[in-house]
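Chemist: Output the structure for:
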Amino acid sequence: MLILLPVATGVHAWLFCRDNLPRLSEEAMARLKAAGVHNPVVDLRFYDIAISGEAPDPAAREQALGAIRTLVPLRLQPGAERIHVRASLSAQLDQKTLRLRGWFPDGDEISHVRRLVADLRPDLVINTEELHSAPEVRWPEGVKPPFTASSPLLKPIIDTLRVPAELHIHAKGDAIVLSGLLPDTALKEELVAALAEVAGARVVDPTGLQASPHVLSAAFAKPQLLTAFANSFFSLPPPRSFDIQSDGIPHLTGMATRQLESQWLALLRPITGAAKVDAQLTHLPSVYHFPGYQIQSKLPAATLDSLREILRDCVIMFDPGSAKIPPQEQIKLSTLASSLLAAGPSLGLVIGAHPDPAGPEKSEKDISKARAGAVLSFLVEQGAPTTDIHAVVFDPMPAGSPAAPAGPRCVEILIK
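Modeler: Numbers count the residues shown, from 1 in each chain. Presented below is the predicted three-dimensional model:
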């Protein structure tokens, strides 16, 4: 019996390994898979079991370990439970809130990722309540912090968050407000500086304009060219606006002269290429007709108000085809000269002739220039101040338009 005992023990062990270990191994694999473990591996050494694999989260890992510990007669020794949680990251964009979900190893990478995404998309609220860390989490192969926008774990999310560039500049009242998204911080700063140069007493508010390298590049986002246009367009009184999106079509609203409109279109051409400009502009004869025009003449307020009233009623009418001042209009100018002389040398004047829009452009421009010159000469002869007085030809205004003059062949005198 003593001789047969070791033999029987060996046979029993051999039968156990042959009949029971495969069944126990299959059962262990089934329990691991049921707990959600990916790529499970089971290693049986008689009654001792070692397991490895990847669980989707710490709860699934604990479920897998519990299932193996209750698998009798196997024993799960300390250090033999090599099941790790693979780091994961997913995102859901809900309007302006980005919710990040997943698991990271212990450390400060959650706050780092939060800052990184916030820098790339400053227009979003970043919610990390469902992004957790735990000691049993491991980074996937080829992934290690610190993260950048091109890191394998982040890149799929970052790519879906890239947004098209857009720019909106609105001047209304005493403020110039910028909003939108630009791909370049330097361009944003350049725009703000250019508008500050022409803002005068107006406030430049760039709080709604974000700049991020995560914004898609845009053909309109061209430094110097874009700022040159903005500087020119917003140097004029409000209200006026400029809007452009990824389609590259600029939308303009505001007041303009024909000459200024041509100037702005020329400035926009290298920015927009073949895209047609949507210009919803109200045309006026000159910048001096803009409602918000700031008078440059340094005169007392009472004197300015009085002169405005006088000049509003002093429109000099001419006969068709003539640049000679009619007698009744000379009487108007003679009466006006004394008021201009009383205002002193600080008074600046613009004597502008309105061409007849129905006549030939060149001949109308020539005769209008002669009419403005005739009025200027007459006022100088009457003793009006000559320090700052100019004769110009205004843009022709179609009859019936809100900016049309009192008559098609008239000269208007405005305070500069």
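
Chemist: which intervals of this structure have sub-threshold pLDDT?
Modeler: 1-20, 386 (pLDDT under 70).

Chemist: just the helices in it please.
Modeler: With helices called from DSSP state H, the chain shows them at 4-19, 21-34, 58-69, 109-120, 155-161, 185-199, 225-233, 258-272, 301-312, 327-343, 361-381.

Chemist: can you count the residues close to Arg23?
Modeler: Neighbours of Arg23 under the rule other Cβ atoms under 10 Å: 9. C-betas here are computed from N, CA, C, even on glycine.

Chemist: export the helices of the chain to CSV and tack on distance to Val215?
Modeler: Shown next, in CSV, are these (distance: least, Cβ to Cβ, whole Å):
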stretch, distance to Val215
helix 4-19, 64
helix 21-34, 44
helix 58-69, 37
helix 109-120, 9
helix 155-161, 10
helix 185-199, 10
helix 225-233, 15
helix 258-272, 17
helix 301-312, 47
helix 327-343, 54
helix 361-381, 45
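
Chemist: So which of these is the most surrounded?
Modeler: For those, the largest average neighbour count (mean count of other Cβ atoms under 10 Å) is found in helix 225-233, namely a mean of 20.

Chemist: Does it pack against any helices or strands, and if so which?
Modeler: Helices and strands touching helix 225-233, by 3 or more Cβ pairs under 8 Å, 6 or more residues apart in numbering; DSSP states H and E, are helix 185-199, strand 240-244, helix 258-272.

Chemist: sorry, back to before: figure out which of the helices of the chain is closest to Ala91.
Modeler: Proximity to Ala91 (Cβ to Cβ) singles out helix 155-161 among these, at 4.6 Å.

Chemist: Now find how far off-centre the closest one is within its chain.
Modeler: Centroid separation for helix 155-161 versus its chain: 20 Å, with Cα atoms, centre = their mean, to the nearest Å.

Chemist: Spit out the contact partners of Ala28.
Modeler: If you count contacts by Cβ atoms under 8 Å, 6 or more residues apart in numbering, Ala28 has them with Val42, Leu44, Ile49, Ile51, Ile68, Leu71, Leu74.

Chemist: Looking at these, which is nearest Val287?
Modeler: Proximity of the contacts of Ala28 to Val287 (Cβ to Cβ) peaks at Ile51, which lies at 82.2 Å.

Chemist: hey, what's the closest one bridged with?
Modeler: For Ile51, the beta-bridge partners are Val42, Glu81 (DSSP bridges).

Chemist: How much space separates it from Leu76?
Modeler: Using Cβ to Cβ, to the nearest Å, we find Ile51 at a distance of 7 Å from Leu76.

Chemist: These two: who's more crowded?
Modeler: Taking neighbours as other Cβ under 10 Å, Ile51 and Leu76 compare with Ile51 leading, 24 against 18.

Chemist: could you list every residue that touches the more buried one?
Modeler: Residues in contact with Ile51 (Cβ under 8 Å, 6+ apart) are 28, 32, 40-43, 64, 68, 76, 80-83.

Chemist: got it, and Glu364?
Modeler: Glu364 touches Pro355, Asp356, Pro396, counting by Cβ under 8 Å, 6+ apart.

Chemist: Tabulate the residues you listed (a markdown table), appending distance to Ile176 and neighbour count.
Modeler: Output for the contacts of Glu364, formatted as a markdown table (distance: Cβ to Cβ, whole Å; neighbours: other Cβ atoms under 10 Å):
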| residue | distance to Ile176 | neighbour count |
| --- | --- | --- |
| Pro355 | 33 | 25 |
| Asp356 | 37 | 19 |
| Pro396 | 31 | 22 |
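
Chemist: Make CSV out of those and add distance to Leu89.
Modeler: Output for those, formatted as CSV (distance: Cβ to Cβ, whole Å):
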residue, distance to Leu89
Pro355, 68
Asp356, 72
Pro396, 65
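
Chemist: Tell me the one among those nearest to Val113.
Modeler: Of the contacts of Glu364, the one sitting nearest to Val113 (Cβ to Cβ) turns out to be Pro396, at 62.3 Å.

Chemist: So the residue nearest to the closest one when sequence neighbours are not counted versus Ile271, what's the distance?
Modeler: Leaving aside its sequence neighbours, Pro396 sits nearest to Pro357 (Cβ to Cβ, 6 or more residues apart in numbering; 4.0 Å). Distance, Pro357 to Ile271, by Cβ to Cβ: 31 Å.

Chemist: now Leu153
Modeler: 38 Å.

Chemist: and if you look at Pro327?
Modeler: According to Cβ to Cβ, Pro327 and Ile271 sit 54 Å apart.

Chemist: Give me the neighbour count for the closest residue to Asp356 other than its chain neighbours.
Modeler: Excluding its sequence neighbours, the residue lying closest to Asp356 (Cβ to Cβ, 6+ apart) is Pro408, at 4.0 Å. Pro408: 19 surrounding residues under other Cβ under 10 Å.

Chemist: Next: Gly248.
Modeler: By the criterion of other Cβ under 10 Å, Gly248 has 15 neighbours.

Chemist: Run the chain-centre distance for stretch 54-68.
Modeler: The answer for stretch 54-68 is 47 Å, by Cα atoms, centre = their mean.

Chemist: Show residues contacting that stretch.
Modeler: Here stretch 54-68 makes contact (Cβ under 8 Å, 6+ apart) with 28, 31-32, 34-39, 49, 51, 53, 74, 76, 81, 83-86, 88, 103, 134, 136-137.

Chemist: Ile157: which of the contacts of Ile51 is nearest?
Modeler: Of all the contacts of Ile51, Ile157 sits closest to Ile83, with 26.3 Å by Cβ to Cβ.

Chemist: could you list every residue that touches that closest one?
Modeler: Contacts for Ile83 (Cβ under 8 Å, 6+ apart) come out as Leu32, Val37, Ile51, Ser52, Gly53, Glu54, Ala55, Arg61, Ala64, Leu65.

Chemist: Can you add distance to Ala193 and give the contacts of Ile51 back as TSV?
Modeler: Output for the contacts of Ile51, formatted as TSV (distance: Cβ to Cβ, whole Å):
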residue	distance to Ala193
Ala28	69
Leu32	63
Pro40	62
Val41	63
Val42	67
Asp43	68
Ala64	61
Ile68	67
Leu76	68
Ala80	66
Glu81	62
Arg82	59
Ile83	58
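
Chemist: Would you mind listing the two of these that lie farthest apart?
Modeler: Asp43 and Ala64 (14.9 Å).

Chemist: Dump the contacts of Ala28 into JSON lines; add distance to Asp94 as well.
Modeler: Converted to JSON lines, those look like this (distance: Cβ to Cβ, whole Å):
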{"residue": "Val42", "distance to Asp94": "42"}
{"residue": "Leu44", "distance to Asp94": "48"}
{"residue": "Ile49", "distance to Asp94": "44"}
{"residue": "Ile51", "distance to Asp94": "39"}
{"residue": "Ile68", "distance to Asp94": "39"}
{"residue": "Leu71", "distance to Asp94": "43"}
{"residue": "Leu74", "distance to Asp94": "46"}
